[in-house]
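Q: What would the 3D arrangement of this be:
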Amino acid sequence: MPGTSRNAALTLATAVSLTLLATACTGQSGSGATDDPNAETTITFWHGWSAPAEVKAVQENVDRFEKAHPNIKVKVVGNINDDKLNQALRAGGSKGPDVVSSFTTSNIGKFCSSGAFLDLEPFIEKSELDLDKIIPKPMLEYTQFEGTRCALPLLGDAYGLYYNKDAFEKAGIEQPPKTWSEFAEVARKLTEPEGNSYEQLGFMPNYHGYETTTEHYMAQWDHSYFDDEGKSAVAEDPAFAEMLTFQKKLVDDLGGYAKLEKYRTAFGDEWGAKHPFHTGQVAMQLDGEWRLGMAKDAGVGFEIGTAPLPVADDEADEYGKGFLSGTIMGIAPRSKKQNAAWELVKYMTTDTEAVVAFSNAIRNVPSTYAALKSPDLKTDPAFETFLDIAQHPESNSPPASVDGAGYMLTLQDLGYRYESGKVKNLKAALKQTAAQIDRDIEQAK
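A: Next comes the predicted model:
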C-alpha cells in the first residue's frame, strides 16, 4: 500500500531522527483512564495515510465506528509522520491526538519504553481480550517491548517474491526457487547482459535496490540479533555472515557492484509506474503485498507470479516464511479521553468487519486471524501468498530496541561497505559492528 509501504521503506531513516523523552510523555495514573466512555465526547485520531483512496478508507472505517458508538465522534487528521507525532506527544496539550498510529514498526521499543504510547494492558484486561487467539504471534511481538504492550497492529505488510512468469517461461524455469542456492541459479538464468549493462536483470541484489535491505534478507535465515543477555549477536550467530556472504556472491555473479549500481540509476521511482519490475528491467523483485495493486495500475505487459522468498539451504522446511511489519496503533498518554480512545483502538484493530473492510480498501494484510479467514476478504491466488506468509509460524520481524532501528542501520552500513568491496575481513567487521550496536543501545537507555 502506498502509505504504509512508502513509510516502511523510510523506516530506518525516520527511526534514527526520533528522540522520545519519557519525562514529556507521562499519562494519567493507574489505568490512565478516568473518562466515561458512554458520555458524549469527541476524540482526535492521527494517522499517516495521505493518498486520497487511503484517506477515504480510514474515514469509512471511522464512520462505521461512529455508527456503532454514537456517543463518540472522531476527528481524523491524516498525513502525520513520526516527527510530527513525536513533537505532539512531547508537547501534550488539548490540541494533541487521543489515538495515534505509526508506520514505523521499528520504533516500538522507543514508544513503549519512553511512555510515548500508553500501556494498553489495563484496557485489554478490562475488555477481556485474549490477544493470542486474535492476532498472529509475529504481529503481537512487534507491538510490544519487554513486556509492555503499548500498541496493537492495524493491518500488516508481508514481504515475498514477485516474478515475471513470461520471463520464467522463456528461460525454461518451471517454478519459483525455494532455497537461496536455487535462487542464485534462477537469477543468473534470467539475466540477459547487453554490453556494459543489461537487457534484463534477474534480480537486483544490491542493498540500495528497492526493498533489498539487510533486515529483509535476514528474515529468511534462522537468526538472533541479540543474545540472552541483550548483547548484539551479529558476530556470533553464523547466520549473519552467511547472509552477507551470499548477497555479496550474488552481487559478484550478476555482474559486480559497479555494473549493478550503474544499472540501478536507470530505474524509475519505486512508487511510480516505471518501477523496474513493472518495466521488465528486473525479472524478480523482493517486495510487499502492495506491489500487486501498483503493478496492475501500471498496466504491466506480463503475467505476475508471487511466492515466498527463498530460505537458507539447510532450512528448507521453513520455506513459506517472510519479513513482517505494519501499522501500529495506540493511545496518547496525555489524552483526557483514554477510555473513549481505547474503544476506537479496539474497534479498528480487533473488529473483524472493520479489519476486513480496511484490508479490502487499501490491500494490506489483515492483522487478525478472523479477518484472514473471513469469506468477505477480497483475495486472489497472488494476494493469498502474502496472507500465508503473514500466518507462517516462522515469519518474523526484527526485535524491538530502545534505540529503535539504530542497530539495523549499523548492520546495514556494514552491508553497504561489504558489498562494495570496502570491507575485506567480514569476521572482524562483524565484531566491530556488534560492539558499536552494544555501545549505541547502552547510550540510548
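Q: Residue 66 sits in which helix or strand?
A: helix 52-68 (DSSP states H and E).
Q: hang on, I meant residue 161
A: Assigned by DSSP H and E, residue 161 falls in strand 152-164.
Q: before we move on, what about residue 185?
A: Going by DSSP H and E, residue 185 is in helix 180-190.
Q: chain center to the following helix or strand past that helix: distance?
A: Next helix or strand after helix 180-190 toward the C-terminus (DSSP H and E): strand 192-194. On the basis of C-alpha atoms, centre = their mean, to the nearest Å, strand 192-194 sits 33 Å off its chain's mean C-alpha point.
Q: residues in contact with strand 192-194?
A: 198-200, 255 (C-beta atoms under 8 Å, 6 or more residues apart in numbering). Backbone N, C-alpha and C define where each C-beta goes, glycine included.
Q: Can you identify the element that follows the helix holding residue 66 toward the C-terminus?
A: According to DSSP H and E, the helix or strand after helix 52-68 is strand 72-77.
Q: For the stretch 51-200 of the chain, give me the ranges with low pLDDT.
A: The model of the stretch 51-200 of the chain has pLDDT under 70 over residues 91-94.
Q: Next, please give the residue ranges for the strands of this structure.
A: 41-46, 72-77, 99-102, 144-145, 148-149, 152-164, 192-194, 197-203, 282-288, 304-307, 324-331 (DSSP state E).
Q: then the first one to CSV, C-alphas only?
A: Taking only C-alpha atoms (Å, rounded to 0.1, in the frame of the first residue of the first chain), the coordinates of strand 41-46 have been written out as CSV:
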residue,chain,number,x,y,z
THR,A,41,-17.4,13.1,23.5
THR,A,42,-15.0,13.9,20.6
ILE,A,43,-11.6,12.3,20.2
THR,A,44,-8.8,13.0,17.7
PHE,A,45,-7.2,10.3,15.7
TRP,A,46,-3.8,11.0,13.9
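Q: Mind giving me the packing neighbours of the strand holding residue 161?
A: On a contact count with 3 or more C-beta pairs under 8 Å, 6 or more residues apart in numbering; DSSP states H and E, strand 152-164 meets helix 2-9, helix 137-141, strand 282-288, strand 304-307, strand 324-331, helix 338-350, helix 352-362, helix 381-391.
Q: Can you read off the pLDDT for the residue positioned nearest the centre of the chain?
A: Averaging the C-alpha coordinates of the chain gives a centre point, and the residue nearest to it by C-alpha atoms, centre = their mean is residue 325 (2.7 Å). The per-residue pLDDT reported for residue 325 equals 93.
Q: Count the residues that sit near the nearest residue to it once chain neighbours are set aside.
A: Spatial nearest neighbour of residue 325, excluding adjacent residues (C-beta to C-beta, 6 or more residues apart in numbering): residue 105 at 4.4 Å. Neighbourhood size, residue 105 [other C-beta atoms under 10 Å]: 28.
Q: What's the separation between residue 105 and residue 225?
A: Between residue 105 and residue 225 the distance is 14 Å, computed by C-beta to C-beta, to the nearest Å.
Q: Could you tell me the angle between the helix holding residue 66 and strand 152-164?
A: Between the axes of helix 52-68 and strand 152-164, defined by axes from the mean of the first three to the mean of the last three C-alpha atoms, to 10 degrees, the angle is 150 degrees.
Q: buried stuff in helix 52-68?
A: Using 16 or more other C-beta atoms under 10 Å as the test for burial, helix 52-68 gives 54-55, 57-58, 61-62, 64-65.
Q: so, if you compare those residues, which one comes nearest to residue 427?
A: Nearest to residue 427 out of those is residue 54 (C-beta to C-beta; 45.2 Å).
Q: just checking, the closest one touches residue 362?
A: Yes - Residue 54 lies in contact with residue 362 (C-beta atoms under 8 Å); the separation is 5.3 Å.
Q: sorry, back to before: any buried residues in the helix holding residue 185, and which?
A: 180, 182-184, 186-187, 189-190.
Q: What is the nearest of those residues to residue 398?
A: residue 180 (19.4 Å).
Q: Just give me the neighbour total for the residue nearest to that closest one when sequence neighbours are not counted.
A: Once flanking residues are discounted, residue 180 sits nearest to residue 310: 4.9 Å by C-beta to C-beta, 6+ apart. The tally of other residues near residue 310 (other C-beta under 10 Å) stands at 21.
Q: ok, now residue 337?
A: Residue 337 has 24 nearby residues by other C-beta under 10 Å.
Q: how close does it get to residue 351?
A: Relative to residue 351, and taking C-beta to C-beta, residue 337 is found at 20 Å.
Q: Could I get the contacting residues of residue 291?
A: Here residue 291 is in contact with 5, 162, 275, 277, 285 (C-beta under 8 Å, 6+ apart).
Q: Between those residues, identify the one with the most neighbours.
A: residue 277 (26 neighbours).
Q: Please report how far it lies from residue 327.
A: Going from residue 277 to residue 327 by C-beta to C-beta gives 24 Å.
Q: thinking residue 110 is in contact with residue 404, fair?
A: Yes - using C-beta under 8 Å as the test, residue 110 is close enough to residue 404 to be in contact (4.9 Å).
Q: of the helices and strands packed on strand 152-164, which approaches residue 95 most closely?
A: Across these (criterion: C-beta to C-beta), the nearest stretch is helix 338-350, sitting at 15.2 Å.
Q: pLDDT averaged over that closest one - what is it?
A: When pLDDT is averaged along helix 338-350, the result is 97.
Q: What is that helix packed up against?
A: Going by 3+ C-beta pairs under 8 Å, 6+ apart, helix 338-350 lies up against strand 41-46, helix 52-68, strand 72-77, strand 99-102, helix 121-126, strand 152-164, strand 324-331, helix 352-362.
Q: For residue 379, find the nearest of the ones you listed.
A: Of the helices and strands packed on helix 338-350, nearest to residue 379 by C-beta to C-beta is helix 352-362, at 9.1 Å.
Q: Kindly calculate the angle that the closest one makes with strand 324-331.
A: Using the same axes, to 10 degrees: helix 352-362 against strand 324-331 is 120 degrees.
Q: May I have helix 352-362 as CSV, with CA atoms only?
A: Presented in CSV, the C-alpha positions along helix 352-362 are these (Å, rounded to 0.1, in the frame of the first residue of the first chain):
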residue,chain,number,x,y,z
THR,A,352,-13.4,-8.4,12.1
GLU,A,353,-15.7,-6.4,9.9
ALA,A,354,-13.5,-3.3,10.4
VAL,A,355,-10.3,-5.1,9.7
VAL,A,356,-11.6,-6.8,6.6
ALA,A,357,-13.1,-3.7,5.2
PHE,A,358,-9.9,-1.7,5.7
SER,A,359,-7.8,-4.5,4.2
ASN,A,360,-10.1,-4.7,1.1
ALA,A,361,-9.9,-0.9,0.7
ILE,A,362,-6.1,-0.5,0.8
